[in-house]
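Need a 3D model of the sequence below.
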Amino acid sequence: MKSEIVTKLIELGFLVSPDFVDFINDDVLELIKKKSKSDGPIVLNADLWKVIKDKDLPGLNWLEFDRARAIYEKGRDGKVYSSFLDMMCVKKEIVILDGVQDLENLEQTIEQRIIGQTKQKDLVTGNVTVLKSCDVQGKKRDLSDFVCFFKSRYESLSQILQSRENLKNIVSINKLYNRKDKDLISVIGIVFEKKLTKNGHFIIKIEDLTGPIDILVNKDNKELVEICNDLVLDEVIGVNGVMGDRIIYSKEIIYPDISISNEFKKINEDVHVVFTADLHIGSKDFYKEDFLKFIDWLNCKGGNEQQKEVASKVKYLFIVGDLVDGIGIYPGQEDELGIVDVCEQYNECYELLNLIRKDVQIIICAGNHDAVRLAEPQPVLDKKYAGKLYELTNATFVTNPSIVNINSTSNFIGFNILLYHGYSFIYYGNNVNSIRVNGGVSRPDLIMKFLLQRRHLAPTHASTMYVPDDKDYLVIDKVPDFFVSGHLHKTSVTNYRNVTMIGCGCWVGQTPYQAKFGVIPDPSRISLVNLKTRDVKILKFGGK
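Residues are numbered from 1 along each chain as shown. Below you'll find the model as predicted:
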């Protein structure tokens, strides 16, 4: 009888652990039938049965549970797995939000959701949950920090690539030299060098933790040549090819990328989200009147009745960096300032944001004009300069970059929003061939797609200033539902494999510095998203 039930469970899409067999009976089968592989566990074991036999847990993230269990069974850290079990024993309808990989954040989120206490300020505010906050502490750095930084990047992206079906024969580079010529092999490495031979072929040198190897891409393989034209240094790629004499003849180059089966989430109610960036308050060119029109609309005081109704459904406002124009950002900036004290700039920002109705949750991250360090990841706004903003009762302050979850319920996991101001964008707009010839820095959509494919916000060492740490926080380790940026002052909305990519406009005119980099701004525009349909509308409140 047990053998028949195990067979039926396998047919339903479940794997049965040996320690679960003793619990098997007809009641077990009926209970498990109520779940499916998509909304239930993958592996059934004794620990799980002790919890779910008397409870239903519809909101649990079973994928993360199974991953934690697998890590525990491999003899590694079992704290996350234990936290899941403890959480399930305490409360029935509880949500573990997707993307909470960091143990400390996971435990804090569990504690907050169970007992309603906030252990870390701003981790959970209303229905806003910070899933990934990149709080890197200042300390003296040396060469070893850079080694750890790039090792972390390689390991994170290598793990993603190893799950690809078309990378089946992966070997470390130091073992390649024992392979025979014409053997089919797969390797994963960081791009160290890219050059053209005198005959027009590409030679790509990559390295993993064991050493380097050259990859030859024949000029007659047009598809691979096009990929090589866009390859940038320090990105992580997978390569399928044929072994030669201390060289690999490439047949395929594979990005970490996003799965084509990525879920396109929606909800059943009209909840709207507004995305904007680059206010640049303090600049003489700040469009204050337009911004006040936007606030009036958000407060349901502007526009016609239909527009007011839409505004009343806005529950979240994201401001993705550069709240103020700052001081000394570039030579001659002082001549462009209307407010010459950065604290006064933030005070003016507070006065404006404080006008917004309090049931709108405001999520704020820094940009390169804000009074924080320029190196990424950037911390939350400094209270020394922006202290007045912290008096906003409806504001959540996050690092740049960060991942924020909104609108979660006991039956819905919520939407994950990846926020990155976009300081690296100008580098890729000017240096990636396919982007440069199709608009360059005027095409944030192409840049964002490029970075999602690399699963990294700034893969090239020279593309942004960064703080080397034992973890590379610019890796896109979790696939978001929305990827939102600013910096280029261009409005764009596109979809890539069910990730909505939004480039935010600005609230300032073009400065001579922007003109130098070819940035033509889209002022006084916001992106309005309906979470029920995932439709995005661009609303304009003035500008030129």
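
wait, doesn't residue 392 sit right on residue 355?
No - using CB atoms under 8 Å, residue 392 is not in contact with residue 355, being 10.7 Å away. In this view, the C-beta of every residue, glycine as well, is placed from N, C-alpha and C.

neighbour count winner among these two?
Regarding residue 392 and residue 355, a neighbour count based on other CB atoms under 10 Å identifies residue 392 as having more, with 17 against 13.

Give the full set of residues in contact with the more buried one.
Contact analysis of residue 392 by CB atoms under 8 Å, 6 or more residues apart in numbering lists 350, 353, 354, 362.

Now, those residues that are in strands?
residue 362 (DSSP state E).

Now flag whichever of the contacts of residue 392 is closest to residue 231.
residue 362 (39.2 Å; CB to CB).

OK, contacts around the closest one?
316, 317, 318, 319, 353, 356, 392, 394, 395, 396.

gap between the lengthiest strand in the chain and the chain center?
The single longest strand within the chain, with elements called by DSSP E, is strand 184-196. Offset of strand 184-196 from its chain centre (CA atoms, centre = their mean, to the nearest Å): 25 Å.

From the contact counts, what lies against it?
Contact partners of strand 184-196 among helices and strands, from 3 or more CB pairs under 8 Å, 6 or more residues apart in numbering; DSSP states H and E: helix 143-162, strand 202-208, strand 211-217, strand 236-243.

quick one, phi/psi of the most centrally placed residue in the chain?
With distances taken as CA atoms, centre = their mean, residue 418 lies nearest the centre of the chain, 3.8 Å away. Torsion angles at residue 418 (phi, psi; degrees, to the nearest 10) stand at phi -90, psi 120.

which intervals of this protein have sub-threshold pLDDT?
The model of the chain has pLDDT under 70 over residues 26-42, 49-67, 71-126, 513, 517-518, 543-544.

send the alpha carbons of the strand or helix carrying residue 295 over as PDB?
Residue 295 belongs to helix 288-298 when assigned by DSSP states H and E. What follows is helix 288-298, C-alpha atoms only, in PDB (Å, rounded to 0.1, in the frame of the first residue of the first chain):
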ATOM      1  CA  LYS A 288       9.300  73.100  -8.500                       C
ATOM      2  CA  GLU A 289       5.900  74.200 -10.000                       C
ATOM      3  CA  ASP A 290       5.700  70.900 -11.900                       C
ATOM      4  CA  PHE A 291       6.600  68.900  -8.800                       C
ATOM      5  CA  LEU A 292       3.900  70.700  -6.900                       C
ATOM      6  CA  LYS A 293       1.400  69.800  -9.600                       C
ATOM      7  CA  PHE A 294       2.400  66.200  -9.200                       C
ATOM      8  CA  ILE A 295       1.900  66.400  -5.500                       C
ATOM      9  CA  ASP A 296      -1.500  68.000  -6.000                       C
ATOM     10  CA  TRP A 297      -2.500  65.100  -8.300                       C
ATOM     11  CA  LEU A 298      -1.100  62.500  -5.800                       C
END
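
C-terminal to it, what's the next element?
Later in the chain than helix 288-298, the nearest helix or strand by DSSP H and E is helix 305-312.

which residues are in contact with that next one?
Applying CB under 8 Å, 6+ apart, the contact partners of helix 305-312 are 272, 297, 298, 299, 300, 301, 302, 303, 528.

Please give me every residue in contact with the closest residue to residue 496 other than its chain neighbours.
Of all residues not flanking residue 496 in the chain, residue 449 sits nearest, at 4.9 Å (CB to CB, 6 or more residues apart in numbering). Contact analysis of residue 449 by CB under 8 Å, 6+ apart lists 494, 496, 501.
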